[in-house]
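In: curious how this folds, go ahead:
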Amino acid sequence: MSHESRLTGELRALLHAQRTAALGTTGDDGAAFVSMVPFALEPALGCLVIHVSGLAAHTRNLQARPRVSLLVMQPEVTGEPVHALPRVTLQGEALMLAPDSAPWHACRAAYLARFPEAEFMTQLGDFRFVAVRITQARHVAGFGAARDVDEEEIKRVLSPAKPA
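Out: I've put the predicted structure just below:
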């Protein structure tokens, strides 16, 4: 059994505990556009899963320019300094999934496992599942504890921790 570093464990915990991210896309005019998206983890495909409406600006943006960024962070705690909040900025490529394809079914299952209340939304014609393959990340575990994370480590942390 391989040893997992403390920082890798903290990154895993952050991604598995938090359910929303700030999604950064680029508009037609080159301007940055940020929106909130719920996300799920699909470890077999090694991706984050978002479920987006075709009516949303971020959907049009990621269809035209699939390079995206997501920020996942721990929420503020009253009375605690915000500069040390654990967070990760993920860089990746978004792929709109073909309905009823094997990846679509896997991503739908992962998304509904995390958000069972969203099942009715999967029946709406304008919503699509998007797999975001993370290519790199910048993890800040706390004040003065920042590091780059490669694609392989991200794939490992998308899976639940193996029991010791």
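
In: use CA for all of it now, contacts and neighbours both
Out: OK.

In: show me where the protein has helices.
Out: Along the chain, the stretches classed as helices by DSSP state H are 6-17, 57-64, 102-114, 151-158.

In: can you put those helices in TSV and add mean pLDDT and distance to His139?
Out: Formatted as TSV, the helices of the chain follow (pLDDT from 0 to 100; distance: least, C-alpha to C-alpha, whole Å):
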stretch	mean pLDDT	distance to His139
helix 6-17	94	7
helix 57-64	95	23
helix 102-114	97	23
helix 151-158	92	10
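
In: for Pro119, which non-adjacent residue is closest in space?
Out: No, residue 119 isn't Pro; it's Glu. Leu112 (6.4 Å; C-alpha to C-alpha, 6 or more residues apart in numbering).

In: same question for Gly46.
Out: Lys155 is the one closest to Gly46 (C-alpha to C-alpha, 6+ apart), at 5.2 Å.

In: thinking again about what came up before, among the helices of the chain, which comes closest to Gln91?
Out: helix 151-158 (9.6 Å; C-alpha to C-alpha).

In: now Pro75: phi and psi?
Out: When read as degrees, to the nearest 10, the backbone of Pro75 gives phi -70, psi 160.

In: with adjacent residues omitted, what lies nearest to it?
Out: Closest to Pro75 by C-alpha to C-alpha, 6+ apart is Leu85, at 7.5 Å.

In: hang on, isn't the one you found packed against Glu76?
Out: Yes: the criterion here is C-alpha atoms under 8 Å, and Leu85 meets it with Glu76 at 7.1 Å.
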